[in-house]
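Engineer: Predicted coordinates and the sequence they were generated for:
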Amino acid sequence: MSYLEYNVKYVPTGARKILYLNWPLILLITAAASAGFLMLYSVTGGSLRPFAWAQMIRFGMGMFAMLVIAMVPIWFWRNISAVAYGLSVLLLLVVELFGVVGMGAQRWIDIGFMRLQPSELTKITVVMLLAAYYDWLPVNKTSRPLWVFIPVMLIMIPVALVLKQPDLGTALLLMIGGGAVMFMAGVHWAYFGVVITAGVGMVAAVFQSRGTAWQLIKDYQFRRIDTFLNPESDPLGAGYHITQSKIALGSGGWTGKGYMQGTQTRLNFLPEKHTDFIFTTLAEEFGFIGGISLLTIYALIIAFCIATALSNRDRFSSLLTLGIAMTFFLFFAVNMSMVMGLAPVVGVPLPLVSYGGSAMLVLLVAFGLVQSAHVHKQR
Amino acid sequence: MRRSERDTTTSHRRITRRGLIVGGMQMGFVALLAARMRHMQVNQAEEFRLLAEENRIKVRLLPPARGLIMDREGTPIATNEPSYRIVIVPEDAGNVEEVLDRLSKIIHLESDDLNRARTEMERMRTAPFLPVTIADRVSWEEISKVAVNAPALPGITPEVGLSRKYPLAGDFAHVVGYVGPVSDYDLSKIEEPDQLLRIPRFQIGKIGVEAKLEDMLRGSAGTKQEEVNAAGRVMRELERREGIAGANVQLTIDHKLQSYIQARLGHESASAVVLDCDTGDILGIGSAPSFDPNLFVRGISVSDYSILRDNDHRPLASKTVQDAYPPGSTFKMVTALAGLDAGVITSNDTAYCPGHFEVGGRRFHCWKRSGHGSMDLISSLRHSCDVYYYDLALKVGIEKIAETARKLGLGERFDIPMSAVAAGLTPDKQWKLEARGEDWLIGDTVNASIGQGYVLSTPLQLAVMSARIATGRSVTPRLIKSIDGKPTPEQGGESLGINEDYLRQVRRGMFAVVNNRRGTAYKSRIEDETKRMAGKTGTAQVSNRVVRNDEVPWRERDHALFVCFAPYERPKVAVAVVVEHGGGGSATAAPIARDIALEALFGGPPPPEAYPSADRDKIMEERKKIEELMQAKTAEGNIRA
């Protein structure tokens, strides 16, 4: 495989590439991130520090990284997919061995200027590797068992490592994201039918295992599921997060309580208000109007990604863009479901908005890949 | 190696199809999220908004200042005084134990209080910014010591509240009563208790005016809305609505007269009532011995309480309204008026007293065994001859006597806001049949004619009786002069419907009792021409016997009674005095009543000339002692604060 497969003469070169960037997508990303700055400024009671300023710097750095990645031809990224995947799995192993324990889970690796969460990185590298795999694989072999088994193993290695941390949210995201790429690559329906059935069986097994010697997930994870199913049962204990989140969000009403006027947020009834529950703050202060606006921005980001993916005849580019769109979708879908009481509390941040370095950086890198695919597609 | 164009096209078509499926699912989920958001923020918004407010707003009650109680001139009788307590904020204290240790070296702390505070702090560990009370009702001196040492006592602050204080101590104990902490029993009596009553340490009227006018005195609570954060710390005050202070109540009583009455009654088990004849205002209503109501506000100790409870002079009893006594000879005016009104006698008709009277096979004695001889109305009152009234009662009958007694206020439960106001008893045939299931006997009428037997009256009723005889109008007692400056209406005052001539004859008889040389109360006359007194002595038998009073134990001696009004020509005040086991009315009760009447008429110490010249020196001597007693009481009240 080489760049010779690409019809290079149709591809813009040099500074002209800037004109070919997907500018609407950049605009939407900036809009979503700005909503994040606004809310981070609000939760600190009208102060840039400590959150908003740091987030803006990260966003700036991330945007720069995105543009740099966008300038690099997409075939280069395809060619280093396997290396990137290998590196991210290695980092997961390093976390496993030397990581910092935070919030009861081993997730970070301290690399001096920031704390890196390799599990975030794998969300991209798995998608990259799978896209490259199906780009390489002749179409007629896609649904053969052996050629299905290989990508499944590629997904399961990082999933197993992430579960070990333990980080159920990221593991599920990896599986669904990877599965989606396989599905879009054209793997036969039947496989997914079997996997979904097996998944339901697994869930049943997990519940069965509760309280036995072979218990499959940790007690706190069980409790989160319990409180998700019935948050009011324990309003001061584990159900507190969900109950308070729903109260704050619901009390926002149509137009919200006004910027920096969110009582529940300001009085600390809302937990994790700058990270996982930042959407609640937004919904409390800007109401339904504010919430639906952010949701629309997200939907447009997905739509633009799908549009550029489908208009791209390069298989790697299409699958990569669709996979990244899927990952992005999973981020906000899971987070919003969680704060609205539709899903249990799993540690998934709101993409581009929640305070946090790794997720922001990884997402912008991913959008850099999307931009690269867009710039370098055959026109 | 380039891929075949066909391969690429197939795969592109497939990716497009599958990508659109996945994209459609994603958009579907976005729509679901939007719908959920709309449901929560639009349809359920009100519900959540309510929950949010509940979350953040804590409403605290602000206790209102209790209404003051004053005498007729505005002198405070029940006031609110700042009371100090010491609280600790564990968060500010740092090392709580060390601070408590230092504090206990500076002021005296009960170990019970300290342990209670420690338990509370342990319980409130998650909210160390909330104050915990260490000591309550701390004196000003101790507060000052704490204030001086403030730098060494981080987290310790004095707090001020209001506490009830009765500056005149025992003088109004039976009238005004006292307040105390709300008990479960208090709450059980009220159908819908005010939220205020649930505040710890809130005080409620227990007896007397404090209890009877509780609803007016209490006022209504203010509220303070505070915004609290998730940990319960108060962030700011949102709204403050001050409570409405309770109404100020002004009594008809004159505090100087009241203090005099209490001092004059002294250590006797006695009571006295002074009424204004024109208005019915109760100018003084004393019951002795008394007690210090401030003890109850602070929470009386078991030993102090048992001393009060077990005393045979019953200091806790409000004798003026709660206790009913046989009125004895003071009832003779009733029988006389009944006879005159029924037309069975005139004032000139006479009856012969041989010292006893026989009816229905029974012999009734006159108090004077040798007999009074021929008696008319006036002389019978003057000498308090019993036989004259035995004879008269048989002619009139009990029904007419009872009717007249009721007209004069005997047997009526007067509507004044004191505790346990008794109705007394004015017996008639129907009453005996209903209450005892027996027929009325002739002997019952004979006994009733001189205020013995079934007849029972309270000192208040006796005072009303003499006021009504003095004025001929239905004088009705009034204890409350005004509430929050609004005067309470006077009641009664219409004519009794008894011929003024008859009343005048009875009054003449009462005048003779005091001012005639041979009257039973001649020694207790008033010399001042403009303030001469008319009255009637009474002796109520406690036990049937023939021996003299000073030969039997105190508990078996007769009650001494005296009713009077003055000045005779134009009655201003009516007085009733009952001295329990005091012996004879003329010797014990009459001088007290005379002194009280003079004090009321002069509005202070009367000049010596008002008294009979023979007694002046002795009376002035006694006066000094009484004044000392009054001084001591007031001073004592002040010190105890």
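Structural biologist: Nice, I can see it.
Engineer: Distance of B:G451 relative to B:A393?
Structural biologist: Taking CB to CB, to the nearest Å as the measure, B:G451 falls 11 Å from B:A393. Glycine gets a C-beta too; all of them are placed from N, C-alpha and C.
Engineer: out of those two, which sits in the more crowded spot?
Structural biologist: Neighbour totals were compared for B:G451 and B:A393, and B:G451 leads with 28 against 25 (other CB atoms under 10 Å in any protein chain shown).
Engineer: Who are the contact partners of the more buried one?
Structural biologist: B:326-332, B:334, B:457, B:538, B:540 (CB atoms under 8 Å, 6 or more residues apart in numbering or on different chains).
Engineer: Now do the contacts for B:S586.
Structural biologist: The contact partners of B:S586, by CB under 8 Å, 6+ apart, come to B:520-521, B:523-524, B:537, B:562.
Engineer: These, buried ones only, as a PyMOL selection?
Structural biologist: Of the contacts of B:S586, the buried ones go into a single PyMOL selection, burial set by 16 or more other CB atoms under 10 Å in any protein chain shown:
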select buried, chain B and resi 520+521+524+537+562
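Engineer: Can you tell me the closest non-neighbouring residue to A:T265?
Structural biologist: Closest residue to A:T265 apart from its sequence neighbours, by CB to CB, 6 or more residues apart in numbering or on different chains: A:T281 at 4.6 Å.
Engineer: whoops, B:P605 was the one
Structural biologist: Leaving aside its chain neighbours, B:P605 sits nearest to B:R623 (6.8 Å; criterion: CB to CB, 6+ apart).
Engineer: didn't the residue nearest to A:T265 look like it was pressed against A:L270?
Structural biologist: Yes: assessed by CB atoms under 8 Å, A:T281 is found in contact with A:L270 at 6.7 Å.
Engineer: what touches both of these two?
Structural biologist: Common neighbours of A:T281 and A:L270 (CB under 8 Å, 6+ apart) are A:A248.
Engineer: ok, back up a step: now the phi/psi pair for the residue nearest to A:T265, please.
Structural biologist: Dihedral angles of A:T281 (phi, psi; degrees, to the nearest 10) stand at phi -60, psi -50.
Engineer: can you tell me which residues contact it?
Structural biologist: Contacts for A:T281 (CB under 8 Å, 6+ apart) come out as A:39, A:42-43, A:248, A:262, A:265, A:270, A:273-274.
Engineer: Could you find the closest non-adjacent residue to the residue in chain B that chain A sits nearest to?
Structural biologist: Per CB to the nearest CB, B:F48 is where chain B lies closest to chain A, at 2.8 Å. Sequence neighbours aside, A:G250 is the residue nearest to B:F48 in space, at 2.8 Å (criterion: CB to CB, 6+ apart).
Engineer: show me the contacts for the most centrally placed residue in chain B.
Structural biologist: Geometric centre of chain B, nearest residue: B:G208, 1.7 Å, by CA atoms, centre = their mean. When contacts are counted by CB under 8 Å, 6+ apart, B:G208 touches B:173-178, B:318, B:417-419.
Engineer: Could you rerun that using 6 Å?
Structural biologist: B:175-177, B:418-419 (CB atoms under 6 Å, 6 or more residues apart in numbering or on different chains).
Engineer: Can I get the residues you listed in CSV including distance to B:H383?
Structural biologist: Below are the contacts of B:G208 laid out as CSV (distance: CB to CB, whole Å):
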residue, distance to B:H383
B:V175, 37
B:V176, 41
B:G177, 42
B:M418, 36
B:S419, 39
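Engineer: which of those count as buried?
Structural biologist: B:175-177, B:418-419.
Engineer: Quick one: which of the residues you listed has the lowest pLDDT value?
Structural biologist: When the buried ones among the contacts of B:G208 are sorted by pLDDT, the bottom entry is B:S419 at 91.
Engineer: does that residue sit in a helix, a strand or a coil?
Structural biologist: coil (DSSP: H, G, I helix; E, B strand; the rest coil).
Engineer: per-residue confidence at the residue of chain A found nearest chain B?
Structural biologist: Per CB to the nearest CB, A:G250 is where chain A lies closest to chain B, at 2.8 Å. Note on A:G250: pLDDT of 88.
Engineer: Please name the residues that touch it.
Structural biologist: B:40, B:44-45, B:48.
Engineer: give me that answer again for 10 Å
Structural biologist: Contacts for A:G250 (CB atoms under 10 Å, 6 or more residues apart in numbering or on different chains) come out as A:264, A:280, A:283-284, A:340-341, B:37, B:39-52.
Engineer: Which of the three states applies to B:A576?
Structural biologist: strand.
Engineer: just how off-centre is the helix or strand where B:V87 lies within its chain?
Structural biologist: Using DSSP states H and E, the element containing B:V87 is strand B:76-88. From the chain centre to the centre of strand B:76-88 is a distance of 21 Å (CA atoms, centre = their mean, to the nearest Å).
Engineer: mean confidence for that strand?
Structural biologist: Averaging pLDDT along strand B:76-88 yields 88.
Engineer: Tell me the buried residues in that strand?
Structural biologist: In strand B:76-88, counting by 16+ other CB under 10 Å, buried: B:76-80, B:83-88.
Engineer: where does B:I282 fall, phi/psi-wise?
Structural biologist: Per degrees, to the nearest 10, the backbone of B:I282 is at phi -80, psi 110.
Engineer: Just the pLDDT at it, thanks.
Structural biologist: 96.
Engineer: bridging residues for it?
Structural biologist: B:L275 (DSSP bridges).
Engineer: same thing with B:A135?
Structural biologist: B:I86.
Engineer: Quick check, it in contact with B:L109.
Structural biologist: Yes: the criterion here is CB atoms under 10 Å, and B:A135 meets it with B:L109 at 5.9 Å.
Engineer: Now the two most distant members of the contacts of A:T281.
Structural biologist: A:A248 and A:H274 (13.6 Å; CB to CB).
Engineer: okay, and the common contacts of those two?
Structural biologist: A:265, A:281.
Engineer: The two: which is more packed in?
Structural biologist: Neighbour count, other CB under 10 Å: between A:A248 and A:H274, A:A248 has more, with 29 against 23.
Engineer: Could you double-check that the more buried one sits in contact with A:I242?
Structural biologist: No: using CB under 10 Å, A:A248 is not in contact with A:I242; the gap is 11.0 Å.
Engineer: Would you indicate which residues of stretch B:594-609 are buried?
Structural biologist: Neighbour-count burial for stretch B:594-609 flags B:594-601, B:606 (criterion: 16+ other CB under 10 Å).
Engineer: coming back round to it: name the SS class of the residue nearest to B:P605, please.
Structural biologist: helix.
Engineer: In this structure B:V387 contacts B:A351, no?
Structural biologist: Yes: applying CB under 10 Å as the test, B:V387 and B:A351 come out as touching, 6.7 Å apart.
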